Structure formats: structure tokens, C-alpha cells
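Visitor: with the sequence up front, the predicted model follows.
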Amino acid sequence: MTEFGFIDSIRRLFADLDGNGFEAIGDDCTVVPVSAGESMVLTCDLLAEQVHFLRDRTTPYELGGKSLAVNLSDVAAMGAAPVATLLALSLPRDATDAWAEEFMRGYHDMSLRHGVALVGGDTTASASGIVISVTAIGRAPSGHIKRRSAARAGDRIFVGDVLGASGAGLQDILAGRNDTEAARIHRNPEPQIAEGIWLGARTEVHAMMDLSDGLASDLRHILAASGVGAELDIECIPAYADPQEAVCAGEDYKLLLTADPCRADRLQADFRARFGKPLHPVGRITEERKLRWLLGGKPQPLDWHGFTHY
């Protein structure tokens, strides 16, 4: 069973239960209204040693910051502002007090940087490696919430920054090149939190999510949820190095969104004026429920997919 096949089976199993006001599984976060015109979003993410990180090739300070950053990215991808987190940490005996203190210092400094409170959690021993679980909580005006299911045929597709640096960094780390720029980016992701909040307020933005598993996989989630297809122009993808790595490697934690084609040019101009960098157009949403890769305007027989966890 694939990761998303497993998630689908969970969704079906729990379909007979009342959601008690929470939206069902399917977006970067679940959403629940909390007052007139305002909603809360919640998400949970897990990092396991030897799966998501190698303890001897990242500092505990970096890992503390990254553990929080990847969860804040999910909140921002909904158009919400992160406000609080809960942290569960399972540590083996060979994780020293000094390691745990440095991890928490990294987590604290990332929290301080984005004004996010740590409000609870749990700690326990581990029989093998380190396991980190973060629950992130955000708030937004209900009309600002962006979902994967809102893409429309004709929408232009954008990504928020250059892609593939983290994937290149992982390859450097695995090859023992720990001091490259790409390796540093992989260990220290910069989620687009301010950008996500700003884009949430833009009515021309329809669907949005963050890029954690690679454009080739993550875009498919929007297509499936919205019942549409897409054409991606390989030459337009802002690649750190290799275009295939840019769309297939994971852990970029940049934003992926679709927008009204009639207002897309103004969105790009306003984004550049606000953040001093471009919003990159990479394709368009189509009615036909297929993902096509284009090179020079011609379809290419490519079967590119991103990272899978399960």
C-alpha cells in the first residue's frame, strides 16, 4: 500500500464519525471555525531519525529549527498565521542532555522568529532513534483559508521560489559533502510564512499548498482534490540545478498555488513589490484530468513523481 492509499483507507474508515466542526482529511491542515468570520487550522507532522534526518550530519540546533519550520509551512500554505505549537519528543539514551538543550534552543529561536508559542506536548524514552512530532496551530479570517480543492480550469500555476536546492543538499549530505550551500539549505528550510499569509488575503488565489514531497507529486494532490488536470512547462520551472530534481525532490517547503488568469499579472507584480522576488509561473490548470509535461510547447513522455514516505 502506498502512503496516500493508506491515508485514503483511514479517511474511509473514519467517514462514519461526526467531525464535530472540523474539516475532513485532505488539506495541509484541518480547519474549524472558532468565531464569526475566523477559523483555526491544525496540522501534525513527524520526523524520524534515519528517515527524515541523520543525527551525525545535522546539528541539534538545526534539527530543532527544522522540526518547527516544516510544520509552520503547512499552516502558511492554508493562508493562516501560525500562533502556537505542541511538541512531542522521544529520545534514546544516547541523546545527551546537551543534545536535547541545543535542540530546544533551535526550536525556541525559530518560535521566537515567527512569534509562535510552545503551549504543551510530551516527552518519552525511545528504544531506538529520535522521533519528533509537532502539532502546529494557526488562525486566519475564514475567507482567507486556501484549500487544495479550489483550482479551476484556466488558472495559472505558480511556485513561490526556486526548487530543488534541498534535494541537491540531501545528495551532498549523503555523499559526505556537508558544507555546501545546498546542504545548508536542506538542514535549514525557510518556509514562506509571510508569503502564505499575504497570498491568503488575495482573492485571485484559488488553491494553495506547500511543496514538501516535490512539485511532481504535490501538484497531483491539487488536481485530484479539484477534479482538474494541468500542463507544466519544464522550461519555466525555477530549478536550483537540474529540472527533474527540482520537480521530483522533496523538502523545498515553498508555496504552490493556482490563480485567476485574468488577475495573475497583477498578483505577480504585487508579490514582487511586497517581497522583492518573483512569483514563478510554471503552467496552467486544464479541464482534462491529466498532468502533461511540456517542452517547447510540446508534450513530453515523462512519468515524473516526487518523494513518497510510506
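Guide: The structure has been received and is ready for your questions.
Visitor: point out where this protein drops to low pLDDT.
Guide: Scanning the chain for pLDDT under 70 picks out 1, 3-4, 308-310.
Visitor: tell me, what residue is most central in it?
Guide: Here the mean C-alpha position of the chain is nearest to the C-alpha of residue 210 (CA atoms, centre = their mean), at a distance of 3.1 Å.
Visitor: check contacts around the nearest residue to it once chain neighbours are set aside.
Guide: Excluding the flanking residues, the one nearest residue 210 by CB to CB, 6 or more residues apart in numbering is residue 77, at 3.9 Å. To be clear about C-beta, it is placed using only N, CA and C from the backbone, and glycine gets the same treatment. By CB atoms under 8 Å, 6 or more residues apart in numbering, residue 77 lies in contact with 28-29, 146, 196, 208-210, 255.
Visitor: what strand or helix carries residue 89?
Guide: Assigned by DSSP states H and E, residue 89 belongs to strand 81-91.
Visitor: restricting to C-alpha, output that strand in PDB.
Guide: Taking C-alpha atoms only, strand 81-91 is exported to PDB below (Å, rounded to 0.1, in the frame of the first residue of the first chain):
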ATOM      1  CA  ALA A  81      -0.800  32.800  10.600                       C
ATOM      2  CA  PRO A  82       0.900  30.300  13.000                       C
ATOM      3  CA  VAL A  83       0.200  31.100  16.600                       C
ATOM      4  CA  ALA A  84       1.200  28.000  18.800                       C
ATOM      5  CA  THR A  85       2.600  24.500  18.700                       C
ATOM      6  CA  LEU A  86       2.800  21.400  20.800                       C
ATOM      7  CA  LEU A  87       5.900  19.200  20.700                       C
ATOM      8  CA  ALA A  88       6.300  15.500  21.500                       C
ATOM      9  CA  LEU A  89       9.900  14.300  21.700                       C
ATOM     10  CA  SER A  90      11.100  10.700  22.000                       C
ATOM     11  CA  LEU A  91      14.800  10.400  22.800                       C
END
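Visitor: mind listing the strands for the protein?
Guide: 30-35, 38-48, 81-91, 117-125, 131-141, 156-159, 205-211, 229-233, 254-259, 280-286, 291-295, 298-300 (DSSP state E).
Visitor: deepest-packed of those strands, please.
Guide: strand 254-259 (a mean of 27; mean count of other CB atoms under 10 Å).
Visitor: off-centre distance for that one?
Guide: Offset of strand 254-259 from its chain centre (CA atoms, centre = their mean, to the nearest Å): 11 Å.
Visitor: other residues contacting that strand?
Guide: 76-77, 146, 150-152, 155-163, 192, 195-196, 199, 202, 204-211, 215, 218-219, 222, 267, 285.
Visitor: wait, isn't the residue nearest to the centre of the chain in contact with residue 191?
Guide: Yes - judged on CB atoms under 8 Å, residue 210 makes contact with residue 191 at a distance of 7.2 Å.
Visitor: which residues do those two both contact?
Guide: 73, 76, 253.
Visitor: would you mind measuring from the closest residue to residue 258 other than its chain neighbours to residue 149?
Guide: Spatial nearest neighbour of residue 258, chain neighbours left out: residue 155 (3.8 Å); criterion: CB to CB, 6+ apart. From residue 155 across to residue 149, the span is 13 Å (CB to CB, to the nearest Å).
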